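Chemist: Turn this into a structure:
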Amino acid sequence: MPRWIYALLIALVTMALRLPASQPVLDAAGRVWRDATACPVTQPGNPPYTPADGVARRLPEGMFWHGTDALWTMLTLDATWTDLPHTSNGYTQKLVWWRAGYNFRDEQRPDLVVTGRRLDADASFVAGAATNGYHEDYGSFMLVGVDIPTPGCWEITAHYRDEMLSYVVRVAP
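Modeler: Numbering: from 1, shown residues only. Predicted coordinates for the structure are as follows:
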């Protein structure tokens, strides 16, 4: 390998060591994480949440329920979204939400509002209108598609009627 490459590598490492430390970043609960490259992703509860209405009978492997009977969703154990379709609007993801007593026949366009706020940089989104769905393993649910503008650490928040639920995920390119 030519000497100039070694010199360049040494210069880059030296510059990186002189960069100021990352500024503390606050998550949605006001907790400080020491490094802006970290992401306080949502973990399963202890004890884990189990929906009361029986939709938990076939939770896919590697997933967990997050929320309460008033509003809940399903997340991956590592809370990382990878290999998402990418369009000019960003990374596309479909989000599914449940509420005890929700019936897809009664509310075809649920009044569900989903927003996202990037925690490690300045970015946000507001999802489009929600729709509904039904599956024999999961019952009635609300569905919304989102376009996440950039990879990073994202807090996703859903508002449905008088309830709100948030979680933090890592979006990988």
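
Chemist: Figure out the helix or strand that residue 64 lives in.
Modeler: strand 63-68 (DSSP states H and E).

Chemist: which neighbours does the one helix or strand residue 170 maps to have in its sheet, and in what orientation?
Modeler: Assigned by DSSP H and E, residue 170 belongs to strand 163-171. Paired with strand 163-171 in the same sheet, following DSSP bridges, are strand 80-81 (parallel), strand 152-160 (antiparallel).

Chemist: Residue 154 contacts residue 166, doesn't it?
Modeler: No. Counting by C-beta atoms under 8 Å, residue 154 does not reach residue 166; the two are 10.4 Å apart. C-betas here are computed from N, CA, C, even on glycine.

Chemist: neighbour-wise, which of the two wins?
Modeler: residue 154 (28 against 17; other C-beta atoms under 10 Å).

Chemist: State the pLDDT value of the more buried one.
Modeler: According to the prediction, residue 154 has pLDDT 98.

Chemist: So what sits opposite the nearest residue to it once chain neighbours are set aside in the bridge?
Modeler: Setting aside the residues directly before and after it, residue 154 is nearest to residue 116 in space (C-beta to C-beta, 6 or more residues apart in numbering), at 5.1 Å. Beta bridges link residue 116 to residue 125, residue 156 when assigned by DSSP bridges.

Chemist: quick one: contacts for residue 116?
Modeler: 124-127, 146, 148, 154-157 (C-beta atoms under 8 Å, 6 or more residues apart in numbering).

Chemist: and if you look at residue 76?
Modeler: Per C-beta under 8 Å, 6+ apart, neighbours of residue 76: 62-63.

Chemist: ok so, going back, which residues sit against the strand holding residue 170?
Modeler: 27-28, 39-42, 66-68, 70-73, 75, 78-81, 84, 91, 97, 99, 119, 148, 150-158.

Chemist: Centre of the chain to that strand, how far?
Modeler: Strand 163-171 has its C-alpha centroid displaced from the chain centroid by 5 Å (C-alpha atoms, centre = their mean, to the nearest Å).

Chemist: What of stretch 88-103?
Modeler: 11 Å.

Chemist: State the mean pLDDT of that stretch.
Modeler: For stretch 88-103, the per-residue pLDDT averages 94.

Chemist: residues of that stretch that come out buried?
Modeler: For stretch 88-103, burial by neighbour count (16 or more other C-beta atoms under 10 Å) applies to 90-91, 93, 95, 97-99, 102.
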